[in-house]
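Novice: Sequence isn't available, so here's the structure alone:
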């Protein structure tokens, strides 16, 4: 979307709308954005361990389909998320709200997950 301030990139994190403009750092990673500009701090910098992995969803209007892919938020540029949806571990649930099946499985397998 173009505005008087330049191009605005719109995306969602766990269902919440966020915007980036040309004035925002084009080199900022999604992990930087999540940990500094949102209250979603589940993804962690761990370099190679998967602690920063999020789910990226993209809607293809021509096919009327949504595709999903796991992405390392420490390597994904936030400016490249226009019209995408990001789901972090908080978007899957919590021990307070009820664990998602993924959380439950990981918790049983490793006993290290803390939602």
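Specialist: Cool, got the structure. Treat the numbers as computed from the prediction; the structure is a model and nothing was measured. Residues are numbered from 1 along each chain as shown.

Novice: what ranges do the strands span in the protein?
Specialist: 2-3, 6-13, 16-21, 53-60, 65-72, 84-87 (DSSP state E).

Novice: Determine which stretch of these is the most buried.
Specialist: Compared across the strands of the chain, strand 84-87 shows the largest average neighbour count, a mean of 20 (mean count of other Cβ atoms under 10 Å). Every residue, glycine included, has its C-beta placed from N, CA and C.

Novice: Now tell me what touches that strand from outside.
Specialist: 11-15, 30, 34, 54-58, 73 (Cβ atoms under 8 Å, 6 or more residues apart in numbering).

Novice: Closest one of those residues to residue 67?
Specialist: Checking the contacts of strand 84-87 against residue 67 by Cβ to Cβ gives residue 58 as the nearest, at 5.3 Å.

Novice: thought that closest one was touching residue 80?
Specialist: No - if you go by Cβ atoms under 8 Å, residue 58 and residue 80 don't touch, sitting 11.1 Å apart.

Novice: Low-confidence ranges, the chain, go.
Specialist: 1-5, 94-95, 98-115 (pLDDT under 70).

Novice: any idea which residue sits dead centre in it?
Specialist: The residue lying closest to the centre of the chain (Cα atoms, centre = their mean) is residue 86, at 3.4 Å.

Novice: give me the number of residues near the residue lying closest to residue 79 once chain neighbours are set aside?
Specialist: With Cβ to Cβ, 6 or more residues apart in numbering as the criterion, residue 79 has its nearest non-adjacent residue at 5.1 Å, and that residue is residue 26. As a burial measure, residue 26 scores 11 neighbours (other Cβ atoms under 10 Å).
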